[in-house]
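>>> sequence first, then the predicted structure, then my questions.
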Amino acid sequence: MKKTRFYECHKALGGRMIEFFSWEMPVEFKGIIEEHMAVRTAAGLFDVSHMGEIMVRGKDALAFIQHLTPNDAGRLALNQAQYTALTTPQGTFVDDMLVYCLSLEEYLLVVNAANTDKDFGWVAAHQAGFAVSVENVSDGYSQLALQGPKAQEILQTLTSINLAGMKSFWAEHGKVAGIDALVSRTGYTGEDGFEIYTTSAQPAAILEEIMKVGQPFGLLPIGLGARDTLRLEAKLMLYGNDIDDTTTVLEADLKWIIKFKKGDFLGRDVLEKQLTEGIKRKIVGFELIEKGIPRPHYPVFAAGQKAGQVCSGTFSPFLKKSIGLVYLPVELTGIGTEVEVGIRDRQVKAKVVSTPFYKRGGK
């Protein structure tokens, strides 16, 4: 299994390690619920070095990104980022990702760990006709995410970057704990926070210094378990569960990342037709009315007939209720619509609710 450059730090902090898409990663340290609540109320530090990084360079870099993605990368200023997708000609997902504009001829794509090789192959296979070079730079990068209401206060002690002046989805180069890094106001938890990218061969000092400074603030190291419950509360998609190459961007309720006015892109025709004709299914959030915990692949029924299956599901540590995501026929997606989730030998009552389940600053 591959190990991140923070592996020894995780062992020293008592992390319980598991295999995650060929990486040995911590699933938890003190426990999923305690870690989850630390992020919601104070701060948490995640190792996300398993994520993939693909660099696109060249005079046609912007045109190439525009061809590959539905969002409008032309709106990005220097050091600005956006959430977007790599789309197929069918308007479905190769992956979802962040795009950073590092210069007018250099863009950094941050993709999911499970898809790095596939995504790089996809991007490289479509570069014909564009004056660009494409490089998988994942092995050179380490990445940490510091998330939670105390994140800015903790991180500011370790960098001269003006974090208070940094808006969401913007980034800046500087030093963190004396190590060169790119810091962005982004995350995967629904909280305020920062992601720290570095190409240092020895980045452990960043993690160690953040943990030291953050301890009085209630900072905890966070594993994959709480990362998943946090992102689900915020209705942040997980590739392989909630989106994949069978789900279109519109069906995934991500119309906001499609900018038809920008011009052509892979999958545009299909998505435009789907928008005009209307989608037949859509992902929605639900919560259980009765006791039980919905898990991925559990069947979902409406009027006794199977209508879908759970994409992501869990017991929400913050909201204290069982929640999940499911693709349902559009006629069943109205708020309050009652469905049943098959849990073992029972059909447990649930209802469609508005999302995200959790919004920063309240329930």
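Nice, thanks for sending it over.
>>> and the next helix or strand past the host helix or strand of V213?
According to DSSP states H and E, V213 maps onto helix 204-214. Sequence order places strand 220-222 as the next helix or strand after helix 204-214, per DSSP H and E.
>>> list the contacts of the residue nearest to K2 when sequence neighbours are not counted.
Among residues not flanking K2 along the chain, W23 sits closest, at 5.0 Å (C-beta to C-beta, 6 or more residues apart in numbering). In this view, the C-beta of every residue, glycine as well, is placed from N, C-alpha and C. When contacts are counted by C-beta atoms under 8 Å, 6 or more residues apart in numbering, W23 touches M1, K2, K3, T4, H50, A113.
>>> before we move on, the earlier item: chain center to the helix holding V213, what's the gap?
Relative to its chain's centre, helix 204-214 lies at 23 Å (C-alpha atoms, centre = their mean, to the nearest Å).
>>> C-alpha coordinates for it, CSV please?
Taking Å, rounded to 0.1, in the frame of the first residue of the first chain, the C-alpha atoms of helix 204-214 are listed here in CSV:
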residue,chain,number,x,y,z
ALA,A,204,5.6,16.7,8.4
ALA,A,205,6.5,19.9,10.2
ILE,A,206,3.3,21.5,8.9
LEU,A,207,1.1,18.9,10.5
GLU,A,208,3.1,18.8,13.7
GLU,A,209,3.0,22.6,14.1
ILE,A,210,-0.7,22.9,13.3
MET,A,211,-1.4,20.2,15.9
LYS,A,212,0.7,21.9,18.5
VAL,A,213,-0.9,25.4,17.9
GLY,A,214,-4.4,23.9,17.6
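>>> who are the packing partners of it?
Here helix 204-214 touches helix 7-12, strand 44-47, strand 142-147, helix 151-156, strand 179-184, going by 3 or more C-beta pairs under 8 Å, 6 or more residues apart in numbering; DSSP states H and E.
>>> tell me which of those is the most buried.
Stretch with highest mean neighbour count among the helices and strands packed on helix 204-214: strand 44-47 (a mean of 28; mean count of other C-beta atoms under 10 Å).
>>> now the most centrally placed residue in the chain: closest residue in space that isn't a chain neighbour?
By C-alpha atoms, centre = their mean, the chain has its centre lying nearest to Y188, at 4.7 Å. Spatial nearest neighbour of Y188, excluding adjacent residues (C-beta to C-beta, 6+ apart): R231 at 5.1 Å.
>>> domain ranges for this protein?
7-47+141-233, 52-138, 255-353 (automatic domain parsing).
>>> for D95, see how far away G52 is.
G52 is 9 Å from D95, where distance means C-beta to C-beta, to the nearest Å.
>>> what's the overlap in contacts for those two?
Contact criterion C-beta under 8 Å, 6+ apart; residues shared by G52 and D95: V111, N112, N115, D119.
>>> make CSV out of those and add secondary structure.
CSV is the format used below for the shared contacts of G52 and D95 (DSSP: H, G, I helix; E, B strand; the rest coil):
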residue, secondary structure
V111, strand
N112, coil
N115, helix
D119, helix
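>>> and these, which is closest to K167?
Distance to K167, by C-beta to C-beta, is smallest for V111 among those, at 23.5 Å.
>>> tell me the pLDDT of the closest one.
For V111, the pLDDT comes out at 98.
>>> just checking, it touches D95?
Yes: assessed by C-beta atoms under 8 Å, V111 is found in contact with D95 at 5.2 Å.
>>> of all the contacts of W23, which two lie farthest apart?
Farthest-apart pair in the contacts of W23 is K3 and A113; separation 13.1 Å (C-beta to C-beta).
>>> so between these two, which is more surrounded?
Neighbours around K3 and A113, counted as other C-beta atoms under 10 Å, are more numerous at A113. The numbers are 18 against 15.
>>> quick check: closest non-adjacent residue to the more buried one.
Leaving aside its chain neighbours, A113 sits nearest to H50 (4.0 Å; criterion: C-beta to C-beta, 6+ apart).
>>> which phi and psi does the one you found have?
The phi/psi pair for H50 (degrees, to the nearest 10) reads phi -70, psi -10.
>>> in this structure it contacts E24, no?
No: using C-beta under 8 Å, H50 makes no contact with E24, being 9.5 Å away.
>>> all strands of the stretch 151-300 of the chain, in order?
In the stretch 151-300 of the chain, the strands defined using DSSP state E, counting those that start in this stretch lie at 171-176, 179-184, 193-198, 220-222, 281-288, 299-302.
>>> tell me the strands beside the longest one, with direction?
It refers to strand 281-288. strand 321-329 (antiparallel), strand 346-353 (antiparallel) (DSSP bridges).
>>> highest mean neighbour count out of these?
strand 321-329 (a mean of 21).
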